[in-house]
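Visitor: Please work out how this folds:
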Amino acid sequence: MQSSGSDKVMRTLRPTFVVGIGGSAGALSAYKTFLDALPSNTGMAFVIISHITPAANSQLAHILSRHTKMTVAVAFTAMPIRANHVYVIAADTDLLVEGDTLKVISPRSKRNVQIDLFLTSLAKAMGPRAVGIILSGFDGDGTEGCRQIKAKGGTTFAQDASAEVEDMPLSAQAGGGVDFVLPPEKIPPELKRLG
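Guide: Numbering: from 1, shown residues only. Sure thing, here's the model as predicted:
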């Protein structure tokens, strides 16, 4: 039986991996460096979870769109997760993966747990096709999420000493949930090997 054209389109739109990227203080330059080094045709989807002040009028999606040819969009509920797209969390929200779509909960449940919430939901939804990346930031958000991804067979990264603020990457490493410790520009080649 031949597959229809729409089946083929769905396969090309469905990402091979979904990559959750968490950051906070000092992460903007890391996001830019990562995207500058990342090809626009990996077949993966990228979701950026940044700690954003609830009242902020975040320009993060706009800023990052200058560093990639991929479509960059602010996430909304029921938004399908597509290959070669970048999704950015909105201010004052929690973001989760539900099947092949994103789910936004507003207002956020509490401060500085957005990365753990997202990565944990990503691990449940994607299993070995989940990837977590922890970049510069204060505190330990992302540590539990990385452990969950590893437990489900996924792959995790933490930024090395190039992080402006090392708390989050060091916490993730100390938590035993990190496979690779690299500068942001060295992560894309490792992702390519996964794909």
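Visitor: and residue 31, backbone torsions?
Guide: Main-chain dihedrals, residue 31, degrees, to the nearest 10: phi -60, psi -50.
Visitor: Going forward, the N-terminal residue is numbered 42.
Guide: Okay, residue one is now 42; in that scheme the one you just asked about reads as residue 72.
Visitor: Burial check on it, number of neighbours?
Guide: By other CB atoms under 10 Å, 25 other residues sit near residue 72. Placement of C-beta: from N, CA and C, glycine included.
Visitor: OK, contacts around it?
Guide: By CB atoms under 8 Å, 6 or more residues apart in numbering, residue 72 lies in contact with 62, 64, 89, 91, 101, 105, 108, 176, 225.
Visitor: separation between it and residue 129?
Guide: Counting by CB to CB, to the nearest Å, the gap from residue 72 to residue 129 is 9 Å.
Visitor: which residues are in contact with both of those two?
Guide: 89, 91, 101, 105.
Visitor: and those, which of them are in helices?
Guide: Residues of the shared contacts of residue 72 and residue 129 located in helices (DSSP state H): 101, 105.
Visitor: For the shared contacts of residue 72 and residue 129, name the two members farthest from one another.
Guide: Largest separation among those by CB to CB: 91 and 105, giving 9.9 Å.
Visitor: hmm, back to that, which one of the shared contacts of residue 72 and residue 129 has the most neighbours?
Guide: The most neighbours, when those are compared by other CB under 10 Å, belong to residue 89, which has 26 neighbours.
Visitor: got the contact list for that residue?
Guide: By CB under 8 Å, 6+ apart, the contact set of residue 89 is 62, 64, 72, 101, 105, 127-130.
Visitor: right, and out of those, which lies closest to residue 55?
Guide: Each of the contacts of residue 89 was checked against residue 55 using CB to CB; the closest is residue 128, at 14.7 Å.
Visitor: Who does that closest one form a beta bridge with?
Guide: Counting by DSSP bridges, residue 128 forms beta bridges with residue 88, residue 114.
Visitor: same thing with residue 137?
Guide: Counting by DSSP bridges, residue 137 forms beta bridges with residue 144.
Visitor: I'd assumed residue 149 was in contact with it.
Guide: No. Judged on CB atoms under 8 Å, residue 137 makes no contact with residue 149 at a distance of 11.6 Å.
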